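A.B. asks: here are the coordinates; sequence isn't available:
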Ligand SMILES: Cc1cc2nc3c(=O)[nH]c(=O)nc-3n(C[C@H](O)[C@H](O)[C@H](O)COP(=O)(O)OP(=O)(O)OC[C@H]3O[C@@H](n4cnc5c(N)ncnc54)[C@H](O)[C@@H]3O)c2cc1C
Ligand SMILES: NC(=O)c1ccc[n+]([C@@H]2O[C@H](COP(=O)([O-])OP(=O)(O)OC[C@H]3O[C@@H](n4cnc5c(N)ncnc54)[C@H](OP(=O)(O)O)[C@@H]3O)[C@@H](O)[C@H]2O)c1
């Protein structure tokens, strides 16, 4: 099963998925000479960024533009073309991932139109992987890159009256474009990036658009001082609370408090919820084309009642209520993420299951791609034997400290279970890689 590289015996790996996380893993393994198979359900790479992806898993809508700037999204050794705008359209992002795999010669290393339907751990620690072709293959290591924004989370529990509502109800995942809203009365629920994008799109064609949110959010503009907002210097050596205060002041100077626009007052400080980024929401509210509302209380016939007792007639309700972290190929008692909860060492290594790695399973204040790239290189080093994990007790203490810090900082919500700060995460990962490399070297030295 394993192969050799010089005097080393290398494990054989399986990568599930060739979205932006999976292709970073493919590159890292390939560069290290680690033998692998990468299975991709679709006929192309890019996952979420393939509008209308035939895998049925993409949440991209026709007018989706990225909400982090391209310089924060690109992989470290493959810049996006300078001709791209600061916040490219999904077609650019799809093209970029295709260019990436062609540039590094990775396309032929991916098995397209092949799904992993089951993955089980054998007694000897190897992985038995069942494909939708009916074939079973055995690997020493399993890298999971199946994405975490494709399994829609509907309101839990459903609102009273949802089963008898006269209008249409859909989740943001199946939203394609605003033609469905033309002339209609639309209620959009949530105040994450899907909700604000879809409410803005609705506001151009609908008869009325209501944005219902159960809590407030700091609405971050795409630009400050003429530059993409995520390019404000964010040095992880500066304590978080100082950076938080500075950025909060800048944002408030630009937009003022959300209550000024009729949005709910945030119940948290800036940086304590996943960022909601929109250069257009506040304008559209001030143009009178979007009406903020509190949470939905019930659906009654063709009416939506809100928790403040107000009611509106509605033809469409769009639930922008987030996503579930799902691993359909694992038995739930082996690996699952109830309420999106999953405890991993630095979001990658499972503390109880060796040779299992997660790539891109994190929510950064920033883009996922450079983090998935760093994670992939880290796992690659580990599979080569160049990185050794800390002792189990240290790993568990690290996980507990991380979970406690996340719980303390973030608003309690199923959307805040895998949060990281982009720059801090990269810095900490680099330090851990160095520490683990030292541990690995120490074990190689004669006693
Ligand atoms: C509307 C929307 C906008 C977003 N905008 C941004 C943004 O601006 N910036 C940002 O950083 N992030 C954004 N995200 C987050 C998004 O998760 C990442 O951009 C990115 O798609 C993550 O890549 P991934 O490879 O981890 O997952 P995906 O893109 O979901 O790719 C997973 C891949 O795995 C494959 N796969 C899954 N299961 C199997 C299986 N069993 N067998 C074989 N193949 C399988 C799928 O076919 C897919 O190709 C957005 C998310 C949404 C929903
Ligand atoms: N343009 C872009 O680049 C873009 C566009 C869309 C999405 N995205 C990304 O895609 C990911 C998913 O975003 P998302 O907006 O779809 O989901 P999300 O960030 O998880 O937001 C879900 C929203 O729904 C609310 N909610 C959940 N359950 C609810 C309920 N039962 N009743 C009332 N409100 C409820 C949440 O409120 P609580 O906070 O109270 O839980 C939150 O406001 C994020 O990473 C986001 O950045 C990016």
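C.D. replies: It's in. These figures come from a predicted structure and were not determined experimentally. Ligands and ions are numbered 1, 2, ... in the order given.

A.B. asks: Please tell me how far residue 163 sits from residue 299.
C.D. replies: Counting by C-beta to C-beta, to the nearest Å, the separation of residue 163 from residue 299 is 9 Å. The C-beta positions use only the backbone N, C-alpha and C, and glycine is treated the same way.

A.B. asks: more crowded one of these two?
C.D. replies: When residue 163 and residue 299 are compared for neighbours, residue 299 comes out ahead with 23 against 9, by other C-beta atoms under 10 Å.

A.B. asks: Please verify my assumption that residue 175 contacts residue 61.
C.D. replies: Yes - Residue 175 lies in contact with residue 61 (C-beta atoms under 8 Å); the separation is 5.2 Å.

A.B. asks: got a pLDDT number for the residue in the stretch 151-300 of the chain positioned nearest to ligand 2?
C.D. replies: Ranked by C-beta to the nearest ligand atom, the top residue of the stretch 151-300 of the chain for proximity to ligand 2 is residue 192, at 2.5 Å. Residue 192 is assigned 98 on the pLDDT scale.

A.B. asks: burial count for whatever residue of the stretch 1-150 of the chain ends up closest to ligand 2?
C.D. replies: Closest approach between the stretch 1-150 of the chain and ligand 2, counting by C-beta to the nearest ligand atom: residue 67, at 3.3 Å. Per other C-beta under 10 Å, the neighbour tally for residue 67 reads 21.

A.B. asks: List the contacts of it.
C.D. replies: Contact partners of residue 67, counting by C-beta atoms under 8 Å, 6 or more residues apart in numbering, are 87, 193, 222, 277.

A.B. asks: of those residues, closest to ligand 1?
C.D. replies: Closest approach to ligand 1 among those (C-beta to the nearest ligand atom): residue 193, at 6.5 Å.

A.B. asks: residue contacts, that closest one?
C.D. replies: For residue 193, the contact set (C-beta under 8 Å, 6+ apart) comprises 67, 276, 277, 278.

A.B. asks: How about residue 197?
C.D. replies: When contacts are counted by C-beta under 8 Å, 6+ apart, residue 197 is found next to 61, 63, 64, 278.

A.B. asks: Which is the succeeding secondary structure element to the helix or strand harbouring it?
C.D. replies: Using DSSP states H and E, the secondary-structure element containing residue 197 is helix 193-203. The C-terminal neighbour of helix 193-203 among helices and strands, as given by DSSP H and E, is strand 208-212.

A.B. asks: How about residues contacting that next one?
C.D. replies: Contacts of strand 208-212 from elsewhere in the structure, counted by C-beta under 8 Å, 6+ apart, are 181, 185-191, 195-196, 199, 202-203, 263, 281, 285, 289-296, 304, 306, 312, 314.

A.B. asks: Turn the contacts of residue 197 into JSON lines, including neighbour count, pLDDT and secondary structure.
C.D. replies: Below are the contacts of residue 197 laid out as JSON lines (neighbours: other C-beta atoms under 10 Å; pLDDT from 0 to 100; DSSP: H, G, I helix; E, B strand; the rest coil):
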{"residue": "61", "neighbour count": "19", "pLDDT": "98", "secondary structure": "coil"}
{"residue": "63", "neighbour count": "15", "pLDDT": "98", "secondary structure": "coil"}
{"residue": "64", "neighbour count": "22", "pLDDT": "98", "secondary structure": "coil"}
{"residue": "278", "neighbour count": "21", "pLDDT": "96", "secondary structure": "coil"}
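
A.B. asks: Enumerate the residues of the stretch 301-447 of the chain near ligand 1.
C.D. replies: Contact residues, the stretch 301-447 of the chain versus ligand 1 (C-beta under 6 Å from any ligand atom): 329, 360, 367, 368.

A.B. asks: Tell me if I'm right that the last one and residue 22 touch.
C.D. replies: Spelled out, it's residue 368. No - no contact is recorded between residue 368 and residue 22 when judged using C-beta under 8 Å, the distance being 11.7 Å.

A.B. asks: Mutual contacts of these two, please.
C.D. replies: Between them, residue 368 and residue 22 share the neighbouring residues residue 360, with contact defined by C-beta under 8 Å, 6+ apart.

A.B. asks: what residues are up against residue 96?
C.D. replies: With contact set as C-beta under 8 Å, 6+ apart, residue 96 has these partners: 74, 80, 81, 84, 88.

A.B. asks: let me redo that: residue 78
C.D. replies: Under the criterion of C-beta under 8 Å, 6+ apart, the neighbours of residue 78 are 99, 100, 103, 104.

A.B. asks: How about residue 311?
C.D. replies: 300, 303, 304, 305.

A.B. asks: circling back: which one of the contacts of residue 78 sits closest to residue 406?
C.D. replies: Set against residue 406, the nearest of those by C-beta to C-beta is residue 100 (30.7 Å).

A.B. asks: Which SSE is immediately downstream of the helix or strand hosting that closest one?
C.D. replies: Under DSSP H and E, the secondary-structure element containing residue 100 is helix 90-103. Towards the C-terminus, the helix or strand next in line after helix 90-103, according to DSSP H and E, is strand 110-111.

A.B. asks: Return the list of helices and strands in contact with whatever helix or strand comes next after that next one.
C.D. replies: Using DSSP H and E, the helix or strand that follows strand 110-111 towards the C-terminus is strand 116-121. Contact partners of strand 116-121 among helices and strands, from 3 or more C-beta pairs under 8 Å, 6 or more residues apart in numbering; DSSP states H and E: strand 13-16, strand 127-131.

A.B. asks: what's the most buried one of the ones you listed?
C.D. replies: strand 13-16 (a mean of 26; mean count of other C-beta atoms under 10 Å).

A.B. asks: Quick one: distance of it to the chain centre.
C.D. replies: Distance, stretch centre to chain centre, for strand 13-16: 20 Å (C-alpha atoms, centre = their mean, to the nearest Å).
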